[in-house]
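Asker: Quick one: sequence and predicted model below, then my questions.
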Amino acid sequence: MARTLAMYTDTSVCIGCRACQVACKQWNQLPAEEPVWTGTYQNQEHFTDKTYRLVRFIEKKDTKGDLAWLLMSDVCKHCAEAGCLEACPTGAIYRTEYGTVNINQDICNGCRYCVSACPFGVVSFNHDTGRANKCTFCNDRIHNGLGPACAKACPTESIQFGFRDELAAKAQKRVEVLKKQGFKDAQLYGADQNDFLGGLNAFFLLLDKPPVYGLPEKPKLPQKNVFVDSLLSIGAAIAVGIGAVVSFRGRGSRGGEG
Amino acid sequence: MPLLQSADWPLIIDIYFFLGGLAGGAFVIATVASLWGGDRSREITRIGYYLALLAIIPGPIILVADLGMPTRFLHMMMVAKPELTIGQSAVNLGPFHLKPFSPMNAGAWALMGFSLCAFLAALDVFLVARGGRSMAGLRGAAGVIGSFFGFFIAAYPGVLMGATARPLWIDARLLGALFLTVGMTTGGAAIALILAATGARARDGLASLKRTYTMALGLELVILILLFAVVRGAGPVAQAGLAALISGVYGTTFWLGAVGVGLIIPLILELTSRSRVSMGVTAISAILILIGGFLTKYVIMIAGQAI
């Protein structure tokens, strides 16, 4: 396995230009969509089968009551423990040698389990092709020595591309700088591999708590539930099975006597 | 609330979950009746095995029709994969693959195994009814193996829903167990309804059958209460999911349909009529259990996908 690649999105320098969103659309040849009025400059409301990169415009009142913007270029997190990948019954969703998560469009049969299983609501169902779509980490580009289109297009280096370990160290330094500057809620999201989901290969530097950005605080791998849920089901099966045997045996033997 | 998306599985999937659970429950009861029930339960075995086969036949058709690419239904179990990293504990055997932690993949395999067992068991019952000799060994094996698959088919949709990120389901822990008991009650009730409708003579067998699914109803009630407690204790996001189930637009369906019609009324009917078996009461109670069993799965599905 090659060294793990990552995208690091530093939301503190995002200016909301949406060059990433456009570059993503162009490189991946994603068609235009009807605009959605979200109340801010944000468009779409959430990831769709045609929007893999999405700049979020979050309006927040600061301590003085003034409106402030939180900008965040959101993307598939390429989780080290990925809910979509574990859910996929066909093996269409696979991990590349760079640690990214990709959907093989030639295998996906459109069961949509991954759509419900993603803790971030990233995977979207494409009704036109009958298959699931999400950010590919520009799989074609990274296999040809190029970074993802979004990172390439970003004018402020809000989106950075590189080796995961190097980027995580860089992000850690940046958080400390921001904290010194007075951004007391500045924090990394998914950079630590021991935090949740084995770490995110597209991680973020946020200026506020994750729920403000619509991110879950401590996402869980849904498939971790399978073992316990199955044991409890087996317990119920034993209980109703014994109930059935007792019911039939008692009556059956009495019937035999009579 | 975290931003999530939903698979939006439609009504036909609820129908599959209902029929699959019914088939699994009927098969298990038929096997128990054949192994322990003696002559008096022969009719239950016959109806149970026929019912299991009839109820599972629409299953694969529904599932294939619901796919975005129905022609690729075989990809659930086999496809040549370019990569090996398709998930933890995934086993590749030539073109086949088993992903034990993907309930949908495991369920596809179980559906195949169950269908085969249900076919063999029903075939044997059919041949015996036509005056042929029973393939006792084969039917015994199909009955026992098929009962394991039957339990699996009844429970796995719940485990599958528990292994998603949907707020109502992810912390529910007991959906598989709940669906299993619903499968037993609906499977038993369907057999009882047919017995009542055909004016069966095997009344002693019917009493055993009723006791079986009355116990399962009791367990279902206990599991439902535990499930509530678990979800309630799992934090604000799970609680918002629970609120969608027990109040709001789906609250009426849940309380009146799933709990009232499907659980409380049949439980009272069964417990108060225990001393003598009345065909009328049996039929009414069985119909209520079937309606309630469907609504239980339906409302958990639709409320879980709504928020």
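Answerer: Noted; the coordinates are in hand. Numbering: from 1, shown residues only, chains lettered A, B, ... in the order given.
Asker: C-alpha from now on. contacts and neighbour counts both.
Answerer: Noted.
Asker: Show me where the stretch 1-150 of chain B has its helices.
Answerer: B:11-36, B:42-56, B:58-66, B:103-129, B:136-162 (DSSP state H, counting those that start in this stretch).
Asker: What is the least confident helix or strand in chain B?
Answerer: Least confident element among the helices and strands of chain B, by mean pLDDT, DSSP states H and E: strand B:91-93 (a mean of 85).
Asker: Would you indicate which residues of the strand or helix carrying B:Leu217 are buried?
Answerer: Assigned by DSSP states H and E, B:Leu217 belongs to helix B:203-232. Buried residues in helix B:203-232, defined by neighbour count with 16 or more other CA atoms under 10 Å in any protein chain shown: B:203-221, B:223-224, B:227, B:230-232.
Asker: Also stretch A:191-201?
Answerer: Residues A:Ala191, A:Phe196, A:Leu197, A:Gly198, A:Gly199, A:Leu200, A:Asn201 are the ones in stretch A:191-201 that count as buried (16+ other CA under 10 Å).
Asker: Touching, the second one and A:Lys218? I think so.
Answerer: Yes: with contact defined as CA atoms under 8 Å, A:Phe196 reaches A:Lys218; the gap is 6.4 Å.
Asker: mind giving me the domain split of chain A?
Answerer: A:5-220, A:223-257 (automatic domain parsing).
Asker: Least reliable of these by average pLDDT, please.
Answerer: Here the domains of chain A differ in mean pLDDT, and the lowest is domain A:223-257 at a mean of 85.
Asker: close to chain B, is that domain?
Answerer: Yes: contact of domain A:223-257 with chain B (CA under 8 Å from any CA of the partner chain) involves A:223-230, A:232-237, A:240-241, A:243-245, A:247-249, A:251-253, A:255-256.
Asker: Check which helices and strands the lengthiest helix in chain A sits against.
Answerer: Longest helix of chain A, by residue count under DSSP state H: helix A:225-257. When contacts are defined as 3 or more CA pairs under 8 Å, 6 or more residues apart in numbering or on different chains; DSSP states H and E, helix A:225-257 sits against helix B:11-36, helix B:136-162, helix B:175-197, helix B:203-232.
Asker: related to what we said a few turns ago, could I get the domains of chain A in a markdown table, plus columns for distance to B:Leu111?
Answerer: Below are the domains of chain A laid out as a markdown table (distance: least, CA to CA, whole Å):
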| stretch | distance to B:Leu111 |
| --- | --- |
| domain A:5-220 | 14 |
| domain A:223-257 | 17 |
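Asker: and of those, who's closest to B:Leu93?
Answerer: Counting by CA to CA, B:Leu93 lies closest to domain A:5-220 out of these; the figure is 12.8 Å.
Asker: Do me a favour and get the end-to-end distance for the closest one?
Answerer: End-to-end distance for domain A:5-220, by CA to CA, to the nearest Å: 22 Å.
Asker: cool, stretch A:114-125 as well?
Answerer: Terminal-residue distance, stretch A:114-125 (CA to CA): 9 Å.
Asker: contacting residues around it?
Answerer: For stretch A:114-125, contacts defined as CA atoms under 8 Å, 6 or more residues apart in numbering or on different chains pick out A:47-49, A:75-76, A:82-85, A:87-88, A:110, A:112, A:131-134, A:215-216, A:219-222, B:2-7, B:163-166.
Asker: hang on, the earlier thing: and the buried residues of stretch A:191-201, which two are furthest apart?
Answerer: Farthest apart among these by CA to CA are A:Phe196 and A:Asn201. That separation is 11.8 Å.
Asker: need the residues of the stretch 1-150 of chain A near chain B, please.
Answerer: So the stretch 1-150 of chain A meets chain B at A:46, A:83, A:85-96, A:107-125, A:127, A:129-131 (CA under 8 Å from any CA).
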